[in-house]
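1. Got a predicted model here, sequence first, then my questions.
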Amino acid sequence: MTIVERTSVLIPAFEEESVIANVIAEIQSLGNWKEIVVVDDGSSDQTAVRAEKAGAKVVRHPYNKGNGAAVKSALRAACGEFVLLMDADGQHPPKEIEKLMAKLPEYDLAVGARSFGDRATLSRGLGNAALNRFATMLSGFKIQDLTSGFRAARRDRIREFIHLFPNGFSYPATSTLAFIKAGYSVCFVPIEGKKREGKEKSKMRPSREGWRFVMLILRMITLFSPLRIFFPIALTFFIVGAGYMVYTIIDEMHVTNSSVLLLTGSAVLFLFGLLSEQIAALRFEKTHRD
């Protein structure tokens with residue numbers, strides 16, 4: 001069997017009746033997929049009906065739960081060895097699918113990386129670029145597009161982290177960081193995106209979601225590699241404390257309480273980071289053993 005015949009295409013959709021049938025038809029024209037699963041996330045229009053008529057397997061939510069919740073439902077319903085995740089609004093050209101599928105099964109996760117010019121607005125492009133740099137710094141892996149929802153993966157691998165996915169829009173960031181920190185093979189594939197075709201405007205608001213992504217990155221790195229957070233902070237405390245202690249010894253001939261507190265704090269943070277690192281390692285060992 002080919003990769004395509006072993007792959008489930010998963011499409012979370014909300015209020016996309018105008019484009020969903022065309023998106024499904026274009027995907028079907030590329031090969032004999034294992035299945036195409038559309039999760040209707042509580043749409044009030046004909047999204048589910050048109051997806052079903054187009055030949056997709058439809059999973060319905062009774063109300064709108066969020067993009068991440070729809071992805072989780074799709075992953076639970078999928079039966080293919082591999083999964084291809086893409087949006088229902090036409091932003092991910094089906095012609096780019098072949099580029100992602102070519103990376104499987106060599107890689108556990110292949111992410112479609114959009115260029116800066118493909119972002120909807122300048123502010124969003126700048127915001128995503130900043131997030132990519134921040135995530136790269138903390139993860140130690142070159143991340144080209146943290147928020148792209150266009151991705152292909154081994155189904156059993158991505159389902160390991162399904163409990164970590166938020167119900168909102170940040171599941172791409174969560175899954176990308178989870179794969180990287182778990183030691184799975186990840187690659188980014190340059191793609192050409194296009195503007196959404198559906199009638200609904202994007203619900204992402206950079207000013208509102210930006211800080212959530214920053215907190216998400218910190219949470220994920222703390223979860224998978226805590227020392228990358230704790231060690232720089234502990235080192236900063238130690239340098240400041242040691243420097244201040246040397247200064248007060250030379251200038252005032254005694255050690256101040258502030259320098260002792262900073263040095264003690266650095267030691268506590270470092271030891272806490274080591275403990276957290278061991279807990280994270282034990283958790284992963286138990287997950288893979290189970």
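-> It's in. Note that the structure is a prediction, hence the values are computed from the model and not measured.
2. residues of stretch 265-272 that come out buried?
-> G265, S266, L269, F270 (16 or more other C-beta atoms under 10 Å). Where C-beta positions appear, they are placed from N, C-alpha and C, glycine not excepted.
3. Most widely separated two among these?
-> G265 and F270 (9.6 Å; C-beta to C-beta).
4. what residues are shared contacts of those two?
-> A234 (C-beta atoms under 8 Å, 6 or more residues apart in numbering).
5. Now do the helix ranked longest in the chain: distance to the chain's middle.
-> Longest among the helix segments of the chain by residue count, using DSSP state H, is helix 257-289. Distance of helix 257-289 from its chain centroid, counting by C-alpha atoms, centre = their mean, to the nearest Å, is 25 Å.
6. sorry, back to before: same list, the buried residues of stretch 265-272, but as a markdown table with pLDDT please.
-> Formatted as a markdown table, those follow (pLDDT from 0 to 100):
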| residue | pLDDT |
| --- | --- |
| G265 | 95 |
| S266 | 96 |
| L269 | 94 |
| F270 | 94 |
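7. of these, closest to T47?
-> Nearest to T47 among the buried residues of stretch 265-272, with distances taken as C-beta to C-beta, is L269, at 49.5 Å.
8. Give me the distance between the closest one and L263.
-> 11 Å (C-beta to C-beta, to the nearest Å).
9. In the longest helix of the chain, which residues are buried?
-> S259, L262, L263, G265, S266, L269, F270, G273, S276, E277, A280.
10. what do you get for stretch 138-156?
-> Buried, per 16+ other C-beta under 10 Å, within stretch 138-156: 138-139, 143-155.
11. Also stretch 38-55?
-> Neighbour-count burial for stretch 38-55 [16+ other C-beta under 10 Å]: 38-43, 45-48, 50-52, 54.
12. wait, V111 sits on R151?
-> Yes: V111 is within contact range of R151, at 4.7 Å (criterion: C-beta atoms under 8 Å).
13. which neighbours do those two share?
-> P172.
14. A152 belongs to a strand, doesn't it?
-> Yes: checked against DSSP: H, G, I helix; E, B strand; the rest coil, A152 lies within a strand.
15. which residues does it form a beta bridge with?
-> For A152, the beta-bridge partners under DSSP bridges are L84, A110.
16. Just to check, it is in contact with A110?
-> Yes: A152 is within contact range of A110, at 4.8 Å (criterion: C-beta under 8 Å).
17. Which residues are in contact with each of these two?
-> Shared contacts of A152 and A110, counting by C-beta under 8 Å, 6+ apart, come down to L100, M101, K103, L104.
18. any chance of the residues you listed in TSV, with distance to W33 and neighbour count too?
-> Formatted as TSV, those follow (distance: C-beta to C-beta, whole Å; neighbours: other C-beta atoms under 10 Å):
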residue	distance to W33	neighbour count
L100	13	24
M101	10	20
K103	17	20
L104	13	21
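19. follow-up on the earlier one: minimum pLDDT in the buried residues of stretch 138-156, which residue is that?
-> On pLDDT alone, L138 ranks lowest of the buried residues of stretch 138-156, at 75.
20. buried ones in the host helix or strand of it?
-> Assigned by DSSP states H and E, L138 falls within helix 122-139. Of the residues in helix 122-139, R124, G125, G127, N128, L131, N132, F134, A135, L138, S139 count as buried by neighbour count, 16+ other C-beta under 10 Å.
21. Check stretch 177-187 too.
-> Buried, per 16+ other C-beta under 10 Å, within stretch 177-187: L177, A178, F179, I180, K181, A182, Y184, V186.
22. Tell me which two in those are the farthest apart.
-> L177 and Y184 (11.2 Å).
23. for this protein, what spans make up the helices?
-> Under DSSP H, the chain gives helices at 20-28, 47-53, 67-77, 97-101, 122-139, 155-159, 171-181, 206-224, 227-252, 257-289.
24. helices or strands up against the fifth one?
-> For helix 122-139, the elements it packs on are helix 171-181, helix 206-224, helix 227-252, judged by 3 or more C-beta pairs under 8 Å, 6 or more residues apart in numbering; DSSP states H and E.
25. how about JSON lines for the ones you listed, with distance to I11 added?
-> Below are the helices and strands packed on helix 122-139 laid out as JSON lines (distance: least, C-beta to C-beta, whole Å):
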{"stretch": "helix 171-181", "distance to I11": "14"}
{"stretch": "helix 206-224", "distance to I11": "22"}
{"stretch": "helix 227-252", "distance to I11": "34"}
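26. Compare those and say which comes out lowest on pLDDT.
-> helix 206-224 (a mean of 69).
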